[in-house]
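K.L.:
here is a sequence with its predicted model. Questions after.
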Amino acid sequence: MVQIPVYLDNQATTPVDPRVRDAVLPFLNLEFGNPHSRDHAFGWRAADAVRQARSSVAELVNADDDEIVFTSGATESCNLALRGIAKAETGSRNRIVTLATEHPAVLETVRDLAKSGFVAVVLPVGPDGIVDLGRLETELNDRTLAVSIMAGNNEIGVVQPLAEIGAMCGRSGVVFHTDATQAMGRMDVDVDVWQADLLSLSGHKMYGPKGVGALYVRHGCSLGPVFTGGGQEFGLRPGTVPVHLVVGLGEASNLAVDCWNEDAGRLTALTNRLKDGLMESCPGIRFFGSMEERLPGSLSIGLPGWPAQAVIARISKRIAVSTGSACSSDSSEPSVVLRALGLDPETAASGIRVSLGRFSTQRDVETALEVFSELPLGGLPSCPTRDSI
Ligand SMILES: Cc1ncc(COP(=O)(O)O)c(C=O)c1O
């Protein structure tokens, strides 16, 4: 199907895979049972579907089924992870270490915890967006409760050295949470390789539905409940499990297991073509963040002297790209993530996120290249409104 504009904002959200949609539909129709109803076949079938979905998510991250807690998405998972670990702490560990480039789901939660006796340690990143492991190690001591470092960044796509971070945390007895929302279906995610104790993910970033996610909780990692209610989801997330959404997440996980490798190869080739083409047609273009350690399909670019909004206003009828995180897109401030790379406000304000996904095609990339090559890059940019173009 040809989509207008061409969708190149897969880090904001991904289209639902038709196979996911087909798996979900029966649970919006005949299979409407409550998975917690123990007394009839409607409930048994719903519970069975939830069981299978849990197993699929567990397989995707290499966990046991009973280490997966369904949530409403990654924001809730990150909150449950960090607030849960804080609530469970009975000793003297009160420092939570994170990065300046984390998603607000983590950063704001850590800052909020800092209002109630915890200490937020927000580490800088290098110009490539990667954590300084030496610096991180100096922050791990017997007062450190947890480290929360994301797998792949939602704006610049940079991937952190997770196995090294996990090993460091393990040696120091520090809980390691990773927000792997952007990594799912794009790279191999294995909680043992990363030595993660907690891992957050979201359905709508991996070709599944919105409004569903999961938190992996390693056996032995104790969380205090943030919500109270009927005790569902191992007492960590009470409330009736939304069967249709969870089934969608399960099918999205099955597809990620089957497809991530092939998707990653194809996306890397398409992104390389996009990058090479942009370098040819947009003199002075800049690429932000490490080009080596990055999620397949993700590019963060800037056209010198051009605020991102001015570019987007000119191209948004033909291609859908964004200025950064959809969650902070109401803000007119330059991206916090790009500022954290050490970029001055003007350069940070030029940052455009281009992200390809499973359904992106060669033709989409060629369209994007055509659109960028038609920008009057020699001329002075101005900011037309969307209505004036
Ligand atoms: C890295 C990261 N973490 C968390 C979230 C929040 O996910 P959700 O929309 O499922 O709450 C997002 C979504 O933009 C994200 O990209």
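P.N.:
Perfect, I can see it now.
K.L.:
residue contacts, the residue lying closest to Gly224 once chain neighbours are set aside?
P.N.:
Of all residues not flanking Gly224 in the chain, Lys87 sits nearest, at 2.7 Å (CB to CB, 6 or more residues apart in numbering). C-beta coordinates here come from the backbone N, C-alpha and C atoms, glycine included. Lys87 sits next to 223-226 when contact means CB atoms under 8 Å, 6 or more residues apart in numbering.
K.L.:
list buried residues within these.
P.N.:
Buried positions within those, assessed by neighbour count (16 or more other CB atoms under 10 Å), are 223, 225-226.
K.L.:
between these, which is nearest the ligand?
P.N.:
Among these, Val226 lies closest to the ligand (CB to the nearest ligand atom), at 14.9 Å.
K.L.:
tell me which element Gly224 is part of?
P.N.:
Following DSSP states H and E, one finds Gly224 outside all helices and strands.
K.L.:
doesn't Ala81 make contact with it?
P.N.:
No: Gly224 lies out of contact with Ala81 (CB atoms under 8 Å); the separation is 11.3 Å.
K.L.:
could I get the contacts of Lys87 in JSON lines, plus columns for pLDDT and distance to the ligand?
P.N.:
JSON lines is the format used below for the contacts of Lys87 (pLDDT from 0 to 100; distance: CB to the nearest ligand atom, whole Å):
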{"residue": "Leu223", "pLDDT": "98", "distance to the ligand": "18"}
{"residue": "Gly224", "pLDDT": "96", "distance to the ligand": "21"}
{"residue": "Pro225", "pLDDT": "93", "distance to the ligand": "19"}
{"residue": "Val226", "pLDDT": "95", "distance to the ligand": "15"}
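K.L.:
out of those, which is nearest to Glu155?
P.N.:
Distance to Glu155, by CB to CB, is smallest for Val226 among these, at 27.0 Å.
K.L.:
for the chain, which spans come out with low pLDDT?
P.N.:
1-3, 325-332, 379-389 (pLDDT under 70).
K.L.:
just list the residues touching Val131, thanks.
P.N.:
99, 123, 125, 149, 160-161, 165.
K.L.:
what about those residues, which are in strands?
P.N.:
99, 123 (DSSP state E).
K.L.:
from the contacts of Val131, which land in helices?
P.N.:
Ile165 (DSSP state H).
K.L.:
show me where the stretch 151-300 of the chain has its helices.
P.N.:
162-172, 243-281 (DSSP state H, counting those that start in this stretch).
K.L.:
list the buried residues in stretch 210-228.
P.N.:
Neighbour count says stretch 210-228 has 210-218, 221, 223, 225-226 buried, by 16+ other CB under 10 Å.
K.L.:
so which of those is the closest to the ligand?
P.N.:
For the buried residues of stretch 210-228, the closest approach to the ligand (CB to the nearest ligand atom) belongs to Gly213, at 5.1 Å.
K.L.:
the closest one and Asp344, how far apart?
P.N.:
The gap separating Gly213 from Asp344 is 35 Å, by CB to CB, to the nearest Å.
K.L.:
and if you look at Ser253?
P.N.:
Ser253 sits 41 Å away from Asp344, going by CB to CB.
K.L.:
of these two, who's got more company?
P.N.:
The neighbour comparison of Ser253 against Asp344 (other CB atoms under 10 Å) goes to Ser253, with 29 against 10.
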